[in-house]
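Colleague: my questions concern the predicted model and sequence given below.
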Amino acid sequence: AQVSHATAGQPEYLMRPFGGGASVRGIALGSLGLSRSYAGTSAEVRVPVGGKPGASVFNVGFFADAAVSMVVRPLQGAHSSAPTASAEFDAAPDMAPTTEAPTPVCDLQASPAAAASVGVAFYVGPIKVEYTLASTGERRRAFGLDLD
C-alpha cells in the first residue's frame, strides 16, 4: 500500500503522476492527472511453471492494482498564457528591468479520481511481459526487467 499527500502550494513538477506502472498498471503514465493526495494498493500472485518452486525460470503472475487520488487537471477551456516561440529577431532588445509578475501557465482544478486494473504477467528469468485491462477501458502490453 502507498499513501502520499502534497500541500496545496506544491508546484506541479513535484506532484506524482496518476496512472502508470508506479500507481495503476495498464493506464498511460499521468493520463489521469497529477496527484495531490494518493492512496493505492497492489497485489500479485506468482505461480512457477515447471521446475521446483523458487528455482523455476518460468513464472506466471496474476495482479490487481487499485488507487484513489485527488488530482489536479487544467480547467476546461483554460489556455496557456506562456510565451510562444517567434521567428522574429530583435537586434536591439529592450534591456530595461521589468516588474511584471509571471503569468501562470494554466489554471488548475482539483477533482477526485479512481482507477483499477487486472492483468497477467509472464516471467522468463528477469524478463517480464504484462497484459493489463484497466477500469478506463485501456488494454496495454508492457515489457521490462523484473529485478526484485
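Modeller: Thanks, I have it. Please read all numbers here as calculations on a predicted model, not as lab measurements.
Colleague: show me the strands in the chain, by range?
Modeller: 2-5, 16-17, 34-48, 58-74, 108-124, 127-134, 139-145 (DSSP state E).
Colleague: TSV for the ones you listed, including mean pLDDT, mean neighbour count and distance to Ser23?
Modeller: To be clear about C-beta, it is placed using only N, CA and C from the backbone, and glycine gets the same treatment. Below are those laid out as TSV (pLDDT from 0 to 100; neighbours: other Cβ atoms under 10 Å; distance: least, Cβ to Cβ, whole Å):
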stretch	mean pLDDT	mean neighbour count	distance to Ser23
strand 2-5	80	11	8
strand 16-17	82	18	7
strand 34-48	89	16	6
strand 58-74	88	18	5
strand 108-124	88	16	8
strand 127-134	94	17	11
strand 139-145	92	12	14
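Colleague: contact partners for Asp65?
Modeller: 23-26, 40-42, 116-118 (Cβ atoms under 8 Å, 6 or more residues apart in numbering).
Colleague: er, Asn59 I mean
Modeller: Taking Cβ under 8 Å, 6+ apart, one finds 46-49, 122-123 in contact with Asn59.
Colleague: hmm, 7 Å instead?
Modeller: Applying Cβ atoms under 7 Å, 6 or more residues apart in numbering to Asn59 gives the contacts 46-49, 123.
Colleague: do you know how far Gly40 is from Val57?
Modeller: Per Cβ to Cβ, to the nearest Å, Gly40 is found 31 Å from Val57.
Colleague: no no, Pro126
Modeller: 10 Å.
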